[in-house]
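**Student:** how would this look folded up:
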Amino acid sequence: MATQTPTLHYIFDPLCGWCYGAAPLVDAARAVAGLTVVAHGGGMMTGSNRQPVTDALRRYVMPHDERIAGMTGQVFGKDYFDGLLRDAGAVFDSEPPTTAILAADALAGRGLDLLKRLQHAHYVQGLRIADPDVLKTLAREIGLDGDGFDAAYAAATGADTAAHIAASRQLLTQVGGTGFPTLALEHKGVHTLLEPSRYLGRPAQWQASLSERIQGYAPWRHQGHQPSSMSPSRCNARCIAGRLPSRST
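**Tutor:** Numbering: from 1, shown residues only. This is a model prediction of the structure:
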């Protein structure tokens, strides 16, 4: 159903480094008056794209993470680089944290708050955010009711999460996105694909740009979405997962 008020669709993955880099932009967008931000988990590291932590994975992701830190100012902690990325028993799996985010949204409309906490847990504290016990602890840390979250997590596990991921991939195709994060502004059924990469590290300017768009409804003067060229600031075929999951599954 087409939205009647401006909505920023945020297509993300909780294990996407560039999504962590863009987190301050998401925070800034949430503070724009008259704008609703809706999160869509794309399942970058699910199914056959789940990856155990290995030395090869560590060597691969570290240059990307260092670049993200340099461009955005986001902190990548020692417990991540020298802890989690050396934890041979850990598995990078987007499905459990995506389920947790859906549960937080269903319970209290706080999916984006939990995503922010999960990103910090992963990239700074080096915690295993694919572990349901870790997810439940973090949900309680942000103030969610424990029993309520546990029930919502159980309800969202499996079919509901799979349906959400499939819908997110469909939306990614619909708006012309090429990877994570993708941000698209919608009003009255018209999508405008935004390019946040040039605002990385500059959330105040991004917020001002969004506010100007909302006030003038500039995107809505043209029909259809406006696809842009591939940005280097995306999790895509060369990001952690090796390739995006098929959008047809």
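**Student:** avg pLDDT for stretch 52-69?
**Tutor:** What stretch 52-69 shows for mean pLDDT is 97.
**Student:** could you do stretch 8-20 as well?
**Tutor:** Rounded mean pLDDT across stretch 8-20 is 98.
**Student:** for that stretch, what is the distance to the chain centroid?
**Tutor:** 2 Å (CA atoms, centre = their mean, to the nearest Å).
**Student:** quick one: end-to-end distance for that stretch.
**Tutor:** Stretch 8-20 has an end-to-end distance of 17 Å (CA to CA, to the nearest Å).
**Student:** with stretch 68-87 instead?
**Tutor:** 22 Å.
**Student:** pretty sure Val32 is in a helix, no?
**Tutor:** No: using DSSP: H, G, I helix; E, B strand; the rest coil, the assignment for Val32 is coil, not a helix.
**Student:** how far away is it from Gly73?
**Tutor:** 21 Å (CB to CB, to the nearest Å). From N, CA and C alone the C-beta is placed, and that goes for glycine too.
**Student:** which one's more surrounded, the two?
**Tutor:** Val32 (21 against 13; other CB atoms under 10 Å).
**Student:** leaving out sequence neighbours, find the closest residue to the more buried one.
**Tutor:** Leu210 (4.9 Å; CB to CB, 6 or more residues apart in numbering).
**Student:** Three-state assignment for the one you found, please.
**Tutor:** When classified by three-state DSSP, Leu210 comes out as helix.
**Student:** that one: neighbour count?
**Tutor:** Using other CB under 10 Å: Leu210 sits among 25 other residues.
**Student:** residue ranges of the strands in this protein, please?
**Tutor:** Assigned by DSSP state E, the strands in the chain fall at 7-12, 36-41, 51-52, 91-92, 182-187, 190-193.
**Student:** tell me, how many residues neighbour the residue nearest to Leu171 when sequence neighbours are not counted?
**Tutor:** Nearest residue to Leu171, sequence neighbours excluded (CB to CB, 6+ apart): His40, at 5.8 Å. When neighbours are defined as other CB under 10 Å, His40 has 22 of them.
**Student:** then the one 10 residues further on?
**Tutor:** The criterion is other CB under 10 Å. On that basis, Arg50 has 15 neighbouring residues.
**Student:** also Gly70?
**Tutor:** There are 11 residues near Gly70, going by other CB under 10 Å.
**Student:** cool, thanks, signing off.
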